[in-house]
Structures are given as C-alpha cells and as structure tokens.
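Student: here is the input, now give the coordinates:
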Amino acid sequence: MCGNDSGWKPEVFYNIAGGNFKAVLCNDCYNIKAREWQDEQPVVQSQEYHNARWEDMVPALYRETEVKKLPEQAKILWEHLKDWSITLGKGIDILGASRTGKTRTMCLILEKLHKEKIPFKLFLAGQFNAQLADAKRSSFYKQWRDEVVNIPVLAIDDLFSEKLTDTTQAGLFEIIEQRMANKKILLITRQVKRSEAVRQFTDPRRCESLFNRIKETCDPYRTNKDDTEEIKYGDK
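Tutor: Residues are numbered from 1 along each chain as shown. Alright, predicted model coming up:
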C-alpha cells in the first residue's frame, strides 16, 4: 500500500502466512485497512441479512409454531415475552425441562426480530459446541468468533446440554465476555441448572464467572413452576 516492496508478491506471502492478511502489510498500512474493514462490516452484514430468508434461518419444525398449540408453561412464558425488544438492553435466559416449549418460544422471538430486520444467529441443540470445536481446530477461528461476537442477537438453544471440553469452555467464556463488553443481546435456553453446569467445568470459577455474566446481561425465565433454582418464574 505504501510502496515499501519486500520483493514478495502479497498473495504468495498471504498463503505462506496461513491466511493472515496482517502479515502482508506494515503496521501503518494495517491500521488503515483495519479501520476501513470496521467501517465496511455493518454494511456487509446488513446486506447479507437483507437477502436472508426466514426459511433458511430456522428449521421448518420451529417455523410452524403456533402459540395456541404450545404447552401451558410456554403460553404463559410467551405472555411475558411477546412484547420483548432488544431496545430493553437485556437478553433472555429460559430454564426448563424438555418438551416445555423453550425452543419454540425462542423461535417466536426470532421471528419478530426477522420481521424487524434485526440480524440474529441461531444455534440449535448441539450446534454451538460442534461449530465452536471445529472452528478452534481450524485456521478461521477468529473469523468465526468475530461473527458470533458481533451479530446483534445470538441465540443458543439447550446450552450446557453436552459436555464441554477445556477448549469449548474457554471459547464459550470468550464469546459471552466479548458480547457483554459490546452490549450485544444473548438469548439462551437450557435444561441444566447452574449447580449442575458447574460440574462440567474444569475450573468451577470459570463457570461461576460465566453465569454471573449471563445473570448480568439476561433476564431469567423458567418453564418449570416447581423449580427450586434461585430465579423465579417471570421475574425481571
């Protein structure tokens, strides 16, 4: 960019550097490009989302959700959440047993967001752990992580349903931490209580820190009326 020629062709150096474009630029040039990429990112994201179809974002089973056919617990939950908006600045943490309508309720919220042209990314049960693990083993982890961190609304279904490795524990904490720092909305459903989730972590302190961040950024809800966890049904 600045004319300081190393004698290498940039595309060759780029491949040798493992896809790290920063290696092709001097520090001053990289800082210029970084600002340009940052300015371009919201536009690209908006264009991509504008062209996205609801049918490609949520599986058919959950697109066909009707409130009147939800389990009774979920009908009550939807009454609390039907007017929810990202303008409230808080996400949603839904705790409950299987088959109580948690995922369908979350997808009703996502349908509202889609109609409002608000970008979101949905991971159904098991998908987040699998993609995080694959990305960690690849050369594109930073790109994957940045997409997950920067999307306005991140929805993770059935969090903690699968055992977390040390790698996925660290990656999950990193993503939740960065989203909190950037005031990005998080929607999660889970069957696993805090006291049960801590057993999955090599370092219980990391689990406690993670739940503290979820508690700070999300309003708690539950679909089990007889649950004894510290949160109360519908409490904000």
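Student: is it true that residue 93 touches residue 223?
Tutor: No. Contact between residue 93 and residue 223 fails when scored by CB atoms under 8 Å: they sit 11.9 Å apart. All C-beta spots, glycine's among them, are computed from the backbone N, C-alpha and C.
Student: so which of the two has more stuff around it?
Tutor: Of the pair residue 93 and residue 223, residue 223 is the one with more neighbours under other CB atoms under 10 Å, namely 25 against 21.
Student: ok, for the more buried one, nearest residue in space, not its chain neighbours?
Tutor: Nearest residue to residue 223 in three dimensions, chain neighbours excluded: residue 96, at 3.1 Å (CB to CB, 6 or more residues apart in numbering).
Student: just residue 145 next, same as before
Tutor: In space, not counting the residues next to it along the chain, residue 145 is nearest to residue 175; the distance is 6.5 Å by CB to CB, 6+ apart.
Student: who touches that neighbour in this structure?
Tutor: Residues near residue 175 by CB atoms under 8 Å, 6 or more residues apart in numbering: 132, 145, 148, 149, 154.
Student: residue 192: which of these is nearest?
Tutor: Using CB to CB, residue 132 comes nearest to residue 192 of those, at 17.0 Å.
Student: let me know the closest of the contacts of residue 175 to residue 170.
Tutor: When those are ranked by distance to residue 170 (CB to CB), residue 132 comes first, at 9.7 Å.
Student: thought the closest one was touching residue 171?
Tutor: Yes. Assessed by CB under 8 Å, residue 132 is found in contact with residue 171 at 4.8 Å.
Student: may I have the helix or strand harbouring the residue nearest to residue 145 exported as PDB, CA atoms only?
Tutor: Per DSSP states H and E, residue 175 falls inside helix 166-181. In PDB, the C-alpha atoms belonging to helix 166-181 read as follows (Å, rounded to 0.1, in the frame of the first residue of the first chain):
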ATOM      1  CA  ASP A 166     -11.400 -27.300  28.100                       C
ATOM      2  CA  THR A 167     -11.300 -25.800  24.600                       C
ATOM      3  CA  THR A 168     -15.100 -25.200  24.300                       C
ATOM      4  CA  GLN A 169     -15.200 -23.900  27.900                       C
ATOM      5  CA  ALA A 170     -12.600 -21.200  27.000                       C
ATOM      6  CA  GLY A 171     -14.300 -20.400  23.700                       C
ATOM      7  CA  LEU A 172     -17.700 -20.000  25.300                       C
ATOM      8  CA  PHE A 173     -16.500 -17.800  28.000                       C
ATOM      9  CA  GLU A 174     -14.600 -15.700  25.500                       C
ATOM     10  CA  ILE A 175     -17.700 -15.100  23.300                       C
ATOM     11  CA  ILE A 176     -20.000 -14.400  26.200                       C
ATOM     12  CA  GLU A 177     -17.500 -12.000  27.700                       C
ATOM     13  CA  GLN A 178     -16.900 -10.100  24.500                       C
ATOM     14  CA  ARG A 179     -20.700  -9.900  23.800                       C
ATOM     15  CA  MET A 180     -21.300  -8.500  27.200                       C
ATOM     16  CA  ALA A 181     -18.500  -5.900  26.700                       C
END
